[in-house]
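**Student:** Here's my sequence, what's the structure:
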Amino acid sequence: VHTRLHHSLGAYHLMGLALSELRGKGVEITKNEEQGAKIAILLHDIGHGPYSHALERKLIKGVHHEDISILILQLLNEKLGGKLQTAIDIFTDVYPKRFLHQLVSGQLDVDRMDYLTRDSFFTGVIEGAIGYDRILKMLTVHEGELVVEEKAIFTVEKFLVSRRLMYWQVYLHKTVMAAEKMLVRIIERANELLASGIELPMASPNLSFFLKEHKPDGNFVRHLEKFAQLDDTDVMCTIKNWCGHFDPVISRLSKGLVERKLLKIKLSGEPFDATLVEALRKDVANKLGISETEAAYFVFTGEAVNTTYNPYDEHIRILFKDGSVSDISGVDNALIQEKISAPFKKYYLCYLK
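**Tutor:** Reported below is the predicted structural model:
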């Protein structure tokens, strides 16, 4: 098992390699800028809450994890007498040397290089392995922007293809999706029960606060200390307590997640027929003795979308030998043009068997 701490340390290491490579090519990077970039990548994920993206905006309402990261960085900056200001400027993309931010957050950043390599290794999905060492050696700076030398085009292409494969084989794998959707449905049901005045046991006072009391008010900084004390354990211990709750929806979902009796899931290239979904909900309602509205917690549809390369986001720029620069989606390469830039969508149907 690898943790977000391991990932942050790995990204920190790759940032050091990238900066060293750029310096070796004559790019001016001061000690302060090096420190700022390393701090920015080391703390880039510090705003993530329990179960990261799965519960984003469900557990902590009205605030994005990157906004929380900035609040934490600003708080640390105050405590350290302004020593993190360069890191904050790089992180928020206001620092004049944009290539430093692009190393932290972009479509070819050291964050992605680390998590793809790390997740590929720990899951055994070899298709996710990337040549990050080759990419790092081919990085350079042109007119203040991060670019990749022309001879690394195919390495970058493999990076993009590997990311696409990792999404469908790991991050959007059917088992992962089923577990994440159940987790989300549990929290949604908890919010519904609490809103109707039904008590639920909590494993920690901080989780209780965010589920019962916290209301988005644009002043999340007041709650940073409570947020910082939350982790996956608070959520899972609470869900274990809900396994025996009298509400049949939250207890069944909680027990299923804890015992890994997950909802079944089907994927399709086309939306699922509404009559099929309605029939499945009626079946579950009869089986569990609940309403069809409650059965919707066990039978639901949605869509999963993966865009391997977004031409409207931070670009991956290729520097050619003649000094010209082109976005990788514009390179004369059919695979990149026709496949990589196109969003790929799958529809899913989760249901209780």
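
**Student:** So this structure: which segments form each domain?
**Tutor:** Dividing the chain into domains by automatic domain parsing, as the record does, gives the ranges 4-172+311-340, 174-304.

**Student:** quick one: contacts for residue 292?
**Tutor:** Remark: with contacts taken as Cβ atoms under 8 Å, 6 or more residues apart in numbering, residue 292 is in contact with 281-282, 285. Where you see a C-beta, it was placed from the backbone N, CA and C, and this is true even at glycine.

**Student:** Just the buried ones out of the residues you listed, please.
**Tutor:** 281, 285 (16 or more other Cβ atoms under 10 Å).

**Student:** Looking at the contacts of residue 292, which is nearest residue 31?
**Tutor:** The nearest member of the contacts of residue 292 to residue 31, counting by Cβ to Cβ, is residue 281 at 61.5 Å.

**Student:** can you count the residues close to residue 19?
**Tutor:** When neighbours are counted by other Cβ atoms under 10 Å, residue 19 registers 22.

**Student:** Quickly note the distance from it to residue 2.
**Tutor:** Using Cβ to Cβ, to the nearest Å, residue 19 is found at 24 Å from residue 2.

**Student:** Any regions of the stretch 151-300 of the chain where pLDDT drops low?
**Tutor:** Under the criterion of pLDDT under 70, none of the stretch 151-300 of the chain is flagged as low confidence.

**Student:** switch to 90 and redo it
**Tutor:** For the stretch 151-300 of the chain, the stretches with pLDDT under 90 are 157, 161, 164, 213-221.

**Student:** which residues in it form strands?
**Tutor:** Assigned by DSSP state E, counting those that start in this stretch, the stretch 151-300 of the chain shows strands spanning 264-268, 300-306.

**Student:** Same list (those) but as JSON lines, adding mean neighbour count and distance to residue 47.
**Tutor:** Below are those laid out as JSON lines (neighbours: other Cβ atoms under 10 Å; distance: least, Cβ to Cβ, whole Å):
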{"stretch": "strand 264-268", "mean neighbour count": "14", "distance to residue 47": "29"}
{"stretch": "strand 300-306", "mean neighbour count": "14", "distance to residue 47": "23"}
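
**Student:** can you list the ones you listed in TSV and add distance to residue 328?
**Tutor:** Conversion of the strands of the stretch 151-300 of the chain to TSV gives the following (distance: least, Cβ to Cβ, whole Å):
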stretch	distance to residue 328
strand 264-268	29
strand 300-306	17
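
**Student:** Looking at these, which is nearest to residue 317?
**Tutor:** Proximity to residue 317 (Cβ to Cβ) singles out strand 300-306 among the strands of the stretch 151-300 of the chain, at 22.4 Å.

**Student:** quick one on the thing from earlier: so which of the strands of the stretch 151-300 of the chain gets nearest residue 38?
**Tutor:** Relative to residue 38, the nearest member of the strands of the stretch 151-300 of the chain by Cβ to Cβ is strand 300-306, separated by 29.9 Å.

**Student:** just checking, next helix/strand downstream of that closest one?
**Tutor:** Past strand 300-306, further along toward the C-terminus, the next helix or strand under DSSP states H and E is strand 317-319.

**Student:** What lies in contact with that next one?
**Tutor:** For strand 317-319, the surrounding residues in contact (Cβ under 8 Å, 6+ apart) are 140, 142, 145-150, 153, 156, 325-328, 331.

**Student:** downstream neighbour of it in the secondary structure list?
**Tutor:** Trace forward from strand 317-319 with DSSP H and E and the next one is strand 325-327.

**Student:** Perfect, that will be all.
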